[in-house]
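Student: sequence and predicted structure are below.
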Amino acid sequence: MEKLIIKKTDETPAVIFMPEKGVFQLAGTSWPENASKFYQQIFDWLDKYFLDPLPETVFDIRLTYFNTSSAKQLVRLMLYLKEKAQQHKVKIRWYYNKDDYENFLEAERYRTLLGLEGIMEIIESEVKKPTG
């Protein structure tokens, strides 16, 4: 399966999905003009990946800012991954900058409200630039 690489812009995050490693990363900011359209390509790709996933799939979220329409897509994404975790080993790692308490609270709210305690880890970190 081909990698999914979308370069970061001022409005969209870097998307670095490496199926051969089972590691997927969203990094940067997310406030595209049409969040549904931007994220749909991610869901389409993930649908293909989960037809034959690796034994473990790790999803890293390293967003420094996202708007309301992106937040809706992130909720959709996390619910999608939660569903996949019923059949496959899936881990979500949400990285937040140690100086960004609001981002931590947002991640904690998602983990609690969406019932992701078993698959989502919140990690204090210097948010790094995307790799790949």
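Tutor: In hand now; what should we look at?

Student: distance from the longest strand along the chain to the middle of the chain?
Tutor: If you go by DSSP state E, the chain has its longest strand at strand 56-66. Distance of strand 56-66 from the chain centroid (CA atoms, centre = their mean, to the nearest Å) equals 4 Å.

Student: buried ones in that strand?
Tutor: 57-63, 66 (16 or more other CB atoms under 10 Å). All C-beta atoms are positioned from the backbone trio N, CA, C, and that covers glycine.

Student: which residue of the chain lies farthest from its centroid?
Tutor: residue 99 (20.4 Å; CA atoms, centre = their mean).

Student: as PDB, could you dump the C-alpha coordinates of the longest strand of the chain?
Tutor: What follows is strand 56-66, C-alpha atoms only, in PDB (Å, rounded to 0.1, in the frame of the first residue of the first chain):
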ATOM      1  CA  GLU A  56      -0.400  -2.700  15.700                       C
ATOM      2  CA  THR A  57      -1.500   0.700  14.400                       C
ATOM      3  CA  VAL A  58      -0.300   3.900  16.100                       C
ATOM      4  CA  PHE A  59      -1.900   7.200  15.400                       C
ATOM      5  CA  ASP A  60       0.000  10.300  16.500                       C
ATOM      6  CA  ILE A  61      -1.800  13.600  16.800                       C
ATOM      7  CA  ARG A  62       0.600  16.600  17.100                       C
ATOM      8  CA  LEU A  63      -1.700  19.500  16.400                       C
ATOM      9  CA  THR A  64      -0.900  22.900  17.800                       C
ATOM     10  CA  TYR A  65      -4.200  24.500  16.800                       C
ATOM     11  CA  PHE A  66      -7.500  23.300  15.200                       C
END
